[in-house]
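Enquirer: Test case, fold it:
(2 chains)
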Amino acid sequence: MSSEGGDGPLYVPDAPHRPGDEADFTEWPWSPGDLGMPEIGCDASETTDLAEGLVRVLGDDNRSSGDWDPKLRPEVLIKGLEHMMRLRIFDDRMIKMQRTGKLSFYMRSFGEEAVAIAQTMALKEQDWLFPTYRQPGAQFVRDRDMVSMICHCIGNEMDNVKGRQMPVHYTYREGRFISVSSPVGTQFSQAVGVALASSYKGLDEVTITWIGDGASAEGDYHYALNFASIFQAPVILNVVNNQWAISTHKNFASKNGNFAVRGLPYGIPSIRVDGNDFLALYSVTSWARERASKGFGPTHIEVLTYRAGAHSSSDDPSRYRPSDVHNFWPGGDPIERLREHLKEIGEWTDQQHKELSEKIDTEVMSAYKEAVKFGDLANGPYPSSDAIFTEVYEEPPWHLMEQWDEMKKWRNS
Amino acid sequence: MMPNMNMVESVNSAIDTMLSKDEDVIMFGEDVGYFGGVFRTSDGLQERHGKHRVFDSPLSEGGIAATAFGMGINGLRPVVEIQFADYIFPAYDQIVNEMAKVRHRSGGEFWCPVTIRTPAGGGIRGGHHHSQSPESQFTHTPGLKVVYCSTPYNAKGLLISAIEDNDPVIFFEPKRCYRGPFYGDPHNVPTWAGHPEAEVPDSHYKIPLGEARLAMEGDSCTVISWGAMVHVCEQAIKDSGVSCDLIDLQTLVPWDKDAVVKSISKTGRCVIVHEAPKTSGFGAEMAASIQERCFWNLESPIERVTGWDTPFPHTTEWDYMPGPDRVAAAIVRTQED
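Expert: Got it, this is the predicted structure:
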């Protein structure tokens, strides 16, 4: 068992469990119905209980209850389930491609599928999404073509970002899904600017953004809270607390383990929500959207979840945490919980689930086969290396034109 | 017989050596503690030296640099890691305006003996943000020393010198060369096994900052490079058939004036190679300084072979990084009358 403290007088924290330890999550003291829904225009101080507690809707009995129950139609729930299943099956196919050299790299959303999907479903189509690499699922909600997503991940000649970015660094302007950048946290404060532009233009557009628990230690997180609060930006600021930043446990990002409460001293209403509870996520996000839309400004949300898989295809979490740890997460699995809820209310059967799963399998396989027709990383064809020089500026200046000509003499692709 | 180490192991050995030698040395950064670093350069060091000396930090490059600054002015000798050089920019203010200037601004009453290690350079399909080589953004800052290692042997010797130096040092490690020299062919990547530069003593040794390494010796051209490109230049020189001095600069600030002047006085011709973009790259500084000092010795224009003035691509990175063909052609051009 690892221990807090250190081997000398300098205090250094540690993760609660390491390889060989038993996962020891304490049972959650929070239940659906614990927390009421405040007035839409409330002050930050009226959300203290929401920030310190946990908004849940789905109970251990698989039923929904409480003020935060969004009372969604079964069709909406089934759509959410389908998107989450699509994301998981898609991720599994992509990681297989990575393992066989058809992609250079990959990052799954395993265990966190509900986050981007429920939250994006709770928004309107004109709302802006400013994601990290762990919210690709939002694109399914916004109807992105799966072939196009795979082509990006391969970096083949149909990649809409032209082989320039690593896999999973999607851009999808049509779906108002803003380009993903590798440096963690930068999008969080940029999203406030996106939201303020919407305010300036007088449009009913809300911006949603996400940051990890680890990246909340970057300055950008704090810039975002301050600017959003001061200018009353119509923005939804989510800290996705999935407990791990590669090998760095959230204990290195927060001493008391609560990220939600950090919004309160900035004057931002703040809520902690069960990130594996589709209904709770949907509901909290709808509430935050309504606040923003009505001119009451930002909402700060901690999405409590667990990174069930590796950080990326380059990571091996068995080196720093027990390998089966995610099975003990009190929030369970987001797909299983929504499936069981739908069954509980008589809207879903195991047979329907199996059929849907098979349908998506076929869809993913078919998209994969279509995508590799445009080239795979192992064998090409690749995008033209002319794309190295285009769109650096709106028009290439003389020195790039010279270098471009030089490159053409030597290039391989 | 000395142990054979790759560059991951020799960097690890340098830090290990200094942690053992000087209790004021501590190491921290993202994922460097329990996990041992995403490239494994601190593997086992926390276990060996204690959690209070090798530890993880929050994901905050600005915070890492600022904390190292504070520890440095209060008597410690921190070695910090920025996981990728591309991620150093949140720390830029702390490095450029604070670390680099504190000795000067305080009239010499405070100084900052911090070493900032950071993997840099391309060739790992890292795209825009895991491939850059930002050395010139630090060579342009008075008060910083800038080092770029290229082999297991010089990595350890230079890193120990950097840690023992009383000024802040930015220490670039070419990640493409962690596990083998890189000769420019992505389909044929050897390991360090058997390479003479991989014979690395377990013990403490230093390569002085400011001294270049003459990696190859010849008469007709001086090829100057640093980092992964040193090995690409070695291949290019062989391919060109031209007899060349190959100067591995090792330290960019302060660079080895004597070695460069001596070589160009002999060869009269010069090619400078780096993978960072051309405009305001450190090659520009070298070319300008060489013409100031060696103008009457030069027989042909100084050539630069560099990365393009564009962001670093993902899929097509081999059309971005200078390869042996481009370098060899430049060497041959310098031989024309």
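Enquirer: only C-alpha atoms for contact and neighbour calcs from this point on.
Expert: OK.
Enquirer: what about the residue in the stretch 1-150 of chain B positioned nearest to chain A, neighbour count?
Expert: Scanning the stretch 1-150 of chain B for proximity to chain A using CA to the nearest CA identifies B:S60 as nearest, at 4.7 Å. By other CA atoms under 10 Å in any protein chain shown, 26 other residues sit near B:S60.
Enquirer: what sits against the residue lying closest to it once chain neighbours are set aside?
Expert: Spatial nearest neighbour of B:S60, excluding adjacent residues (CA to CA, 6 or more residues apart in numbering or on different chains): A:E218 at 4.7 Å. A:E218 makes contact with A:V184, A:G185, B:L59, B:S60, B:E61, B:G62, B:G63, according to CA atoms under 8 Å, 6 or more residues apart in numbering or on different chains.
Enquirer: What of B:G121?
Expert: Residues near B:G121 by CA under 8 Å, 6+ apart: B:H130, B:S131, B:Q132, B:S133, B:P174, B:K175, B:R176, B:A228, B:E275, B:A276.
Enquirer: Filter those residues down to the ones in strands?
Expert: Secondary structure from DSSP state E places B:P174, B:E275, B:A276 of the contacts of B:G121 in strands.
Enquirer: Could you pull up the residues touching the most centrally placed residue in chain B?
Expert: Centre of chain B computed as the mean C-alpha position; nearest residue by CA atoms, centre = their mean is B:Y148, 1.3 Å away. For B:Y148, the residues meeting the contact criterion (CA under 8 Å, 6+ apart) are B:F171, B:F172, B:E173, B:P174, B:W226, B:G227, B:L249, B:Q250, B:T251, B:L252.
Enquirer: Which of the residues you listed ranks first by neighbour count?
Expert: For the contacts of B:Y148, counting by other CA under 10 Å, the largest number of neighbours falls to B:Q250: 31 neighbours.
Enquirer: Give me every residue in the stretch 151-300 of chain B that's in contact range of chain A.
Expert: Contacts of the stretch 151-300 of chain B with chain A, taken as CA under 8 Å from any CA of the partner chain, are absent.
Enquirer: Can you tell me how far the closest residue to chain B within the stretch 251-400 of chain A is from A:V12?
Expert: Closest to chain B within the stretch 251-400 of chain A is A:F252: 5.2 Å, counting by CA to the nearest CA. A:F252 sits 9 Å away from A:V12, going by CA to CA, to the nearest Å.
Enquirer: do the same with A:Q165
Expert: Separation of A:Q165 from A:V12 (CA to CA) stands at 36 Å.
Enquirer: ok, these two, which is more surrounded?
Expert: Using other CA under 10 Å as the criterion, A:Q165 and A:V12 rank with A:Q165 on top: 28 against 20.
Enquirer: would you say that one is within a strand?
Expert: No. The assignment for A:Q165 by DSSP: H, G, I helix; E, B strand; the rest coil gives coil, which leaves it out of any strand.
Enquirer: which residues sit in contact with it?
Expert: A:Q165 makes contact with A:G155, B:G127, B:H128, B:P313, B:H314, B:T315, according to CA under 8 Å, 6+ apart.
Enquirer: swap in A:A245?
Expert: By CA under 8 Å, 6+ apart, the residues touching A:A245 are A:G212, A:D213, A:G214, A:A215, A:H311.
Enquirer: Apply 7 Å and report the result again.
Expert: By CA atoms under 7 Å, 6 or more residues apart in numbering or on different chains, the contact list for A:A245 reads A:G214.
Enquirer: Repeat that for A:A260.
Expert: A:A51, A:S270, A:I271, A:R272, A:H300, A:I301, A:E302.
Enquirer: Need the three-state assignment for the fifth one.
Expert: A:H300 falls in the strand class when you classify it by three-state DSSP.
Enquirer: residues touching A:F105, list them.
Expert: A:Q98, A:P167, A:S313.
Enquirer: same thing but 10 Å
Expert: Applying CA atoms under 10 Å, 6 or more residues apart in numbering or on different chains, we find A:F105 in contact with A:94-95, A:97-99, A:153-154, A:166-168, A:312-314, B:125-126.
Enquirer: picking up where we left off before, just give the closest residue to the residue of the stretch 251-400 of chain A closest to chain B, not the sequence neighbours.
Expert: B:P58 (5.2 Å).
Enquirer: Show me which residues of stretch B:326-337 are buried.
Expert: Buried residues in stretch B:326-337, counting neighbours by 16 or more other CA atoms under 10 Å in any protein chain shown, are found at B:R326, B:V327, B:A328, B:A330, B:I331, B:R333, B:T334.
Enquirer: hmm, back to that, report how many residues lie close to the residue nearest to A:F252.
Expert: Neighbour tally, B:P58, other CA under 10 Å: 25.
Enquirer: what's around B:G241, how many residues?
Expert: The criterion is other CA under 10 Å. On that basis, B:G241 has 11 neighbouring residues.
Enquirer: who touches it in this structure?
Expert: Contact analysis of B:G241 by CA under 10 Å, 6+ apart lists B:A328, B:I331, B:V332.
Enquirer: can you rerun that using 6 Å?
Expert: If you count contacts by CA atoms under 6 Å, 6 or more residues apart in numbering or on different chains, B:G241 has none.
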